[in-house]
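Participant: show me how the following folds:
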Amino acid sequence: MEIITFKKIINKFDGVDKLFLIFLMLGVAVLIISLFRGILMTSQVQIEYLKRGSDDNKQATNKIFVDLEGQVIHPGVYELEEGSRVKDVLVMAGGLAESADREFCEKTLNLAEDLKDGQKIYIPKIEDTPSVPGYSEAKLGSKLINVNTASVQELDTLWGVGESRSNSIVKNRPYKTLDELVSKGAVTKSILERNIEVLSVY
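Facilitator: Numbers count the residues shown, from 1 in each chain. Below you'll find the predicted structure:
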């Protein structure tokens, strides 16, 4: 069987026909290559689009929402980047209002704390927070705590005074002055100073 090759096909044509056939076959080859490149480029564009869409979705999930209320310039719900700190949402809210209890915030608010999605932060007014140091339990009552007659349970509500110190206070009675709480070793000077406004000896 005779094998027909490209060269034999060309040799069957002469002159202008041979030249025309060559250009025709080159054109077909160029067309095939162009189509193949178009398919590759389309696939690449689709891959890039899907990748970009995936990155956009990933970025969208890195947002958190924090509810900042109370004494700030602009209270409300704020959208922040994941990894933001308490100071960031305070800046977005315009900072603390004039009526905010700054001393309370300095003692209890950690500006470097990481925010969490759905977190709520409340900044109180000055009048909303205790003005006298000590446990709130000890200041809610209408009368002072008498160190000479108070029960262990009542003494236990004082700042820094647990069951052990309450028993020590009772053991060292009576007291003529509040300073004797320190001189008799019932409490430390700092504990007395923190509770001085809610204590009495009469």
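
Participant: and the helices in this protein?
Facilitator: For the chain, the helices defined by DSSP state H cover 6-11, 16-60, 86-92, 102-108, 136-139, 152-155, 163-171, 180-183, 189-195.

Participant: and the last one, what does it pack onto?
Facilitator: It refers to helix 189-195. When contacts are defined as 3 or more Cβ pairs under 8 Å, 6 or more residues apart in numbering; DSSP states H and E, helix 189-195 sits against helix 180-183. The way it works is simple: take the backbone N, C-alpha and C, and place the C-beta from them, glycine included.

Participant: max-length strand in this protein?
Facilitator: strand 63-70 (DSSP state E).

Participant: show me where pLDDT drops low in the chain?
Facilitator: For the chain, the stretches with pLDDT under 70 are 1-22, 36, 38-61, 127-143.

Participant: got the domain boundaries for it?
Facilitator: Using automatic domain parsing, the domains assigned to the chain come out as 6-59, 63-128, 136-200.

Participant: nearest spatial neighbour of residue 189, skipping sequence neighbours?
Facilitator: Nearest non-adjacent residue to residue 189, counting by Cβ to Cβ, 6 or more residues apart in numbering: residue 182, 5.2 Å away.

Participant: what's around the one you found, how many residues?
Facilitator: 16 (other Cβ atoms under 10 Å).

Participant: about what we covered before: in the longest strand of the chain, what counts as buried?
Facilitator: Across strand 63-70, burial judged by 16 or more other Cβ atoms under 10 Å covers 64, 66, 68, 70.

Participant: one more: stretch 179-189?
Facilitator: Buried residues in stretch 179-189, defined by neighbour count with 16+ other Cβ under 10 Å: 180, 181, 182, 186, 187.

Participant: now those in a markdown table, with distance to residue 25?
Facilitator: Below are those laid out as a markdown table (distance: Cβ to Cβ, whole Å):
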| residue | distance to residue 25 |
| --- | --- |
| 180 | 116 |
| 181 | 110 |
| 182 | 110 |
| 186 | 110 |
| 187 | 106 |
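
Participant: so which of those is the closest to residue 78?
Facilitator: Nearest to residue 78 among the buried residues of stretch 179-189 is residue 187, at 44.5 Å by Cβ to Cβ.

Participant: quick check on that closest one: phi, psi?
Facilitator: phi -140, psi 170 (degrees, to the nearest 10).

Participant: assess the claim that it and residue 169 are in contact.
Facilitator: Yes: in this structure, residue 187 is within contact of residue 169 by Cβ atoms under 8 Å, at 6.9 Å.
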